[in-house]
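Participant: give me a 3D structure for the following:
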Amino acid sequence: MKTIMLTLLTGILFGTIDILPMLKMKLDIFSIVSAFVFYLVVPFVVYNTNLFGIPWQLRGGTITLLMALPIIILTAKDGIQAAVPIMVMSIVLGTLISLWGRFVIKVL
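Facilitator: Sure thing, here's the model as predicted:
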């Protein structure tokens, strides 16, 4: 139960980090809630997936980027400039989620 709560708190933390720039840019509420829920779920997937033996250092960024691909494709229709920040945030936050899980929660 403790691990589930820590994983949920990880999702809340990284979801909040992701939506702060979106709030500053005054994006629509659906985009903000979608991004928050995405990062709320990501730690559960990252911490419970062993992707073809990929080391833990690469797991978070890889899984998060793969999970974000549908969103990236949808936003790329408006131009690549809209998709690049999503790709970068996916890789960076996914990697930080792995580091957090390894050193703080100790689930990886």
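Participant: only C-alpha atoms for contact and neighbour calcs from this point on.
Facilitator: OK.
Participant: what about the protein, any weak spots by pLDDT?
Facilitator: 108 (pLDDT under 70).
Participant: quick one, helices of it?
Facilitator: 2-24, 29-47, 56-76, 80-100 (DSSP state H).
Participant: list the buried residues for the first one?
Facilitator: Spelled out, it's helix 2-24. Going by neighbour count (16 or more other CA atoms under 10 Å), the buried part of helix 2-24 is L6, T7, L8, T10, G11, I12, F14, G15, T16, D18, I19, M22.
Participant: which one is the most centrally placed residue in the chain nearest to, not counting chain neighbours?
Facilitator: The structure's the chain has its C-alpha centroid closest to Y39; by CA atoms, centre = their mean the separation is 4.3 Å. Spatial nearest neighbour of Y39, excluding adjacent residues (CA to CA, 6 or more residues apart in numbering): G15 at 4.7 Å.
Participant: from L23, how far out is that neighbour?
Facilitator: Remark: distance between G15 and L23 (CA to CA, to the nearest Å) = 12 Å.
Participant: ditto for S90
Facilitator: S90 is 18 Å from L23, by CA to CA.
Participant: then V41?
Facilitator: Counting by CA to CA, the gap from V41 to L23 is 20 Å.
Participant: likewise for I97?
Facilitator: 21 Å.
Participant: swap in D78?
Facilitator: If you go by CA to CA, the gap between D78 and L23 works out to 20 Å.
Participant: quick one on the thing from earlier: isn't the residue nearest to Y39 up against V41?
Facilitator: No. Taking CA atoms under 8 Å as the definition, G15 is not a contact partner of V41, at 9.2 Å.
Participant: from the middle of its chain, how far away would stretch 73-91 be?
Facilitator: 14 Å (CA atoms, centre = their mean, to the nearest Å).
Participant: kindly export it (C-alpha atoms) in PDB.
Facilitator: Taking C-alpha atoms only, stretch 73-91 is exported to PDB below (Å, rounded to 0.1, in the frame of the first residue of the first chain):
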ATOM      1  CA  ILE A  73       1.300  12.800 -33.500                       C
ATOM      2  CA  LEU A  74      -1.900  14.700 -32.800                       C
ATOM      3  CA  THR A  75      -0.100  17.900 -32.000                       C
ATOM      4  CA  ALA A  76       2.300  17.600 -34.900                       C
ATOM      5  CA  LYS A  77      -0.600  18.400 -37.300                       C
ATOM      6  CA  ASP A  78      -0.300  22.000 -36.100                       C
ATOM      7  CA  GLY A  79       3.400  22.000 -36.800                       C
ATOM      8  CA  ILE A  80       6.500  20.400 -35.500                       C
ATOM      9  CA  GLN A  81       7.100  23.300 -33.100                       C
ATOM     10  CA  ALA A  82       4.100  22.100 -31.100                       C
ATOM     11  CA  ALA A  83       5.300  18.500 -30.900                       C
ATOM     12  CA  VAL A  84       9.000  19.100 -29.800                       C
ATOM     13  CA  PRO A  85       8.200  20.400 -26.300                       C
ATOM     14  CA  ILE A  86       6.100  17.300 -25.600                       C
ATOM     15  CA  MET A  87       8.800  15.000 -26.800                       C
ATOM     16  CA  VAL A  88      11.400  16.800 -24.700                       C
ATOM     17  CA  MET A  89       9.200  16.900 -21.600                       C
ATOM     18  CA  SER A  90       8.400  13.200 -22.000                       C
ATOM     19  CA  ILE A  91      12.000  12.200 -22.100                       C
END
